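Student: Just the structure for this:
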Amino acid sequence: MGKKIDEKSLLRIIIAALVIVIVGMSIYLIGGQKYSFDSTVNDVIVDPLEKQQKHLKYGFNTDDFEIKNSKVKRNQTLSTILDKYNVGPNVVHKIVKKSKDIFNVRKIRSGRKYSILFSKDSLRVPEYFVYEISAKDYVVFDLHDNVNVYTGEKEVTYKRKTVEGVINSSLYLAMQDAGTSPMLCLEIADIYQWTVDFFGIAKGDSFKILYKQVFIEDKPINDFEILAAVINHDGKDYTAYQYNQSGKLGYFDAKGQSLQKSFLKAPLKFSRISSRFTNRRFHPVLKIYRAHHGVDYAAPTGTPVHSIGDGKIVKKGFQRKGGGRYLTIKHNSVYKTQYMHFSRFAKGMRIGVRVKQGQTIGYVGQSGLATGPHLDFRVLKNGKPINPLRLESPSKNPIKKKNMQAFTKQRELLDIEMNKGLEKIAESKTLEEK
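Tutor: Residues are numbered from 1 along each chain as shown. You can find the predicted model right below:
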């Protein structure tokens, strides 16, 4: 009887021990899983690789090298630069040979930045030479025995910005006064070249622009992308909204009409109107009053002149007592344009040649009867001269009906973003004044 009781007691003890072991293992496993989960979360939040990337330059961990930054001096070549850092001619020869199809070392230019990456020890051996082709692009020359050459790009970020201003003298200066890069006006001129005559921009005209600007290493670069804009010229708003239609980016007005037209507003850039269309103008050479059925654009000799539309050259010649070197282009059954006083014609310009809108056809000069370099530009409609500044041009490829709803929504969002951005700028200026 006692023996049996001992066996039962032993069985109970074994079962209790097993329960304790199982419970203990469960607690341990649950606790372990919980700890593992928390550890994973912490790794995501504080990623050591992310910390390391903060010290990267040209794809290298800067902590591993001693880096010397400099600029190419006048008349310096790859050979003279590397010789300064004790890189022998044999290595330079290998580099030149290896980089033949990657980067032409003869294109190294004075003023461009470069960096030498040295080993971080007492020997201070130059291991890499990095030349900045542009603010964004660079080429790496591996100076080790196996010599390698490859190109790379710096990380690019984009910041959306808004700007507005009133023109007192020129769009260029107005943008400068508004605190943005005046180079932005080049982008604006390209977008509005069919709709706004920037030679006619006057005091009191204004602009509002929403754009993206490229930043590299947290520094702004003169690389812009216009998202939306409003140019108020002569009391009329000219709107532009970026929209991707059928895989092609374009700019459209508020009604969905493309800003790209059959004819450009002007045949050249960066000039001024020195004489307008009139039936009675005092000729500066002949000293008499007579009709001037064109627009004169004063510009430096050699300024490129572009065809305002697609067409075919039907006349080419020289008028000693008139328009000097000139071209006439037939665009369709209704319109022809004439370009006079060229210093020279562009290559390949001859009767019968077809030209494209925006193609360079000649260069400003003062051939013929002229007192200074300028372009005399004329438009003929059904054979009769009309004022080029009043030439109306039909729109190309408007927003398709099936895309109109999506375009309208995007236009409204761009308007909201542009106006909110301008409100913030206005508030900031008000606070500064206080």
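
Student: ranges for the strands of the stretch 51-200 of the chain?
Tutor: Under the criterion DSSP state E, counting those that start in this stretch, the stretch 51-200 of the chain carries strands at the ranges 56-57, 60-61, 65-71, 113-119, 126-132, 137-142, 148-153, 156-166.

Student: Tell me which of those strands sits nearest to residue 346.
Tutor: strand 137-142 (30.8 Å; Cβ to Cβ). Bear in mind the C-beta positions are built from the backbone N, C-alpha and C, glycine included.

Student: which residues does residue 340 contact?
Tutor: Applying Cβ atoms under 8 Å, 6 or more residues apart in numbering to residue 340 gives the contacts 294, 319, 322-326, 368, 375-378.

Student: Name the nearest residue to the residue nearest the centre of the chain, sequence neighbours excluded.
Tutor: In the chain, the residue lying closest to the centroid (Cα atoms, centre = their mean) is residue 223, at 3.7 Å. Leaving aside its sequence neighbours, residue 223 sits nearest to residue 214 (Cβ to Cβ, 6 or more residues apart in numbering; 3.8 Å).

Student: What of residue 112?
Tutor: Using Cβ to Cβ, 6+ apart, the closest residue to residue 112 is residue 72 (5.1 Å).

Student: isn't that neighbour right next to residue 107, touching?
Tutor: No: between residue 72 and residue 107 there is no contact under Cβ atoms under 8 Å: 11.0 Å.

Student: got the residue ranges for the helices in the chain?
Tutor: Assigned by DSSP state H, the chain shows helices spanning 2-45, 48-53, 78-84, 89-98, 171-177, 184-191, 404-433.

Student: Over the shortest one, what's the mean pLDDT, rounded is fine.
Tutor: Averaging the model's pLDDT scores along helix 48-53 yields 46.

Student: per-residue confidence at the nearest residue to residue 178 once chain neighbours are set aside?
Tutor: The shortest distance from residue 178 to any non-neighbouring residue, by Cβ to Cβ, 6+ apart, is to residue 165 (3.7 Å). Residue 165 is assigned 93 on the pLDDT scale.

Student: ok, now how distant is residue 165 from residue 173?
Tutor: 9 Å (Cβ to Cβ, to the nearest Å).

Student: Can you pick out the residue with more neighbours from the two?
Tutor: Neighbour comparison, residue 165 and residue 173: the larger count goes to residue 165, with 19 against 14 (by other Cβ atoms under 10 Å).

Student: what about residue 199, distance to residue 148?
Tutor: For residue 199 relative to residue 148 (Cβ to Cβ), the value is 52 Å.

Student: Sorry, wrong one. I was asking about residue 389.
Tutor: Per Cβ to Cβ, residue 389 is found 59 Å from residue 148.

Student: same for the longest strand seen in the chain, what does it pack against?
Tutor: Scanning the chain for the longest strand, with DSSP state E as the assignment, gives strand 219-233. Applying 3 or more Cβ pairs under 8 Å, 6 or more residues apart in numbering; DSSP states H and E, we find strand 219-233 packed against strand 156-166, helix 184-191, strand 206-216, strand 236-245, helix 404-433.

Student: burial count for residue 380?
Tutor: Counted by other Cβ under 10 Å, the residues lying close to residue 380 total 17.

Student: which non-adjacent residue is nearest it?
Tutor: Once flanking residues are discounted, residue 380 sits nearest to residue 336: 4.3 Å by Cβ to Cβ, 6+ apart.

Student: try residue 359
Tutor: Excluding the flanking residues, the one nearest residue 359 by Cβ to Cβ, 6+ apart is residue 307, at 5.3 Å.

Student: I'd say the one you found and residue 266 touch.
Tutor: No: at 11.7 Å, residue 307 does not count as touching residue 266 under the criterion of Cβ under 8 Å.

Student: And the residue lying closest to residue 231 once chain neighbours are set aside, how close does it get to residue 307?
Tutor: Nearest residue to residue 231, sequence neighbours excluded (Cβ to Cβ, 6+ apart): residue 238, at 4.6 Å. Using Cβ to Cβ, we find residue 238 at a distance of 23 Å from residue 307.

Student: again, but for residue 201
Tutor: Using Cβ to Cβ, residue 201 is found at 23 Å from residue 307.

Student: of the two, who's got more company?
Tutor: Using other Cβ under 10 Å as the criterion, residue 201 and residue 307 rank with residue 307 on top: 25 against 18.

Student: okay, that one: pLDDT?
Tutor: 97.

Student: Next: residue 194.
Tutor: Residue 194 carries a pLDDT score of 88 in this model.

Student: Can you list phi and psi of it for me?
Tutor: According to degrees, to the nearest 10, the main-chain angles of residue 194 amount to phi -90, psi -20.

Student: didn't residue 172 look like it was pressed against residue 182?
Tutor: Yes: the pair residue 172 / residue 182 is scored as a contact, 4.6 Å apart, by Cβ under 8 Å.

Student: Where does pLDDT dip in the stretch 251-400 of the chain?
Tutor: Where the stretch 251-400 of the chain drops to pLDDT under 70, the residues are 270-271, 274, 277-291.

Student: For residue 335, grab the count of nearby residues.
Tutor: The number of residues packed near residue 335 is 20, by other Cβ under 10 Å.

Student: any idea how far it lies from residue 394?
Tutor: Per Cβ to Cβ, residue 335 is found 11 Å from residue 394.

Student: What of residue 75?
Tutor: Here residue 75 is placed at a distance of 55 Å from residue 394 (Cβ to Cβ).

Student: How is this protein partitioned into domains?
Tutor: The chain breaks down by automatic domain parsing into domains covering 56-153, 156-261+397-434, 272-390.

Student: Quote the end-to-end distance of the last one.
Tutor: The first and final residues of domain 272-390 sit 17 Å from each other (Cα to Cα, to the nearest Å).

Student: next one: the first one
Tutor: The stretch domain 56-153 measures 13 Å between its terminal residues, going by Cα to Cα.

Student: Just give me how far that domain sits from the chain centre.
Tutor: What separates the centre of domain 56-153 from the centre of its chain is 27 Å, taken as Cα atoms, centre = their mean, to the nearest Å.

Student: pLDDT on that domain, on average?
Tutor: Mean per-residue pLDDT for domain 56-153: 93.

Student: Next, check the contacts of residue 340 against the strands and list the overlap.
Tutor: Residues of those located in strands (DSSP E): 319, 324-326, 375-378.

Student: List buried residues within those.
Tutor: Buried members of the ones in strands among the contacts of residue 340, scored by 16 or more other Cβ atoms under 10 Å, are 324-326, 375-378.

Student: Residue 79 against residue 89, yeah?
Tutor: Yes: between residue 79 and residue 89 a contact is recorded at 7.3 Å, counting by Cβ under 8 Å.

Student: With neighbour numbers in mind, choose between these two.
Tutor: Applying other Cβ under 10 Å to residue 79 and residue 89 shows that residue 79 carries more neighbours, namely 16 against 10.
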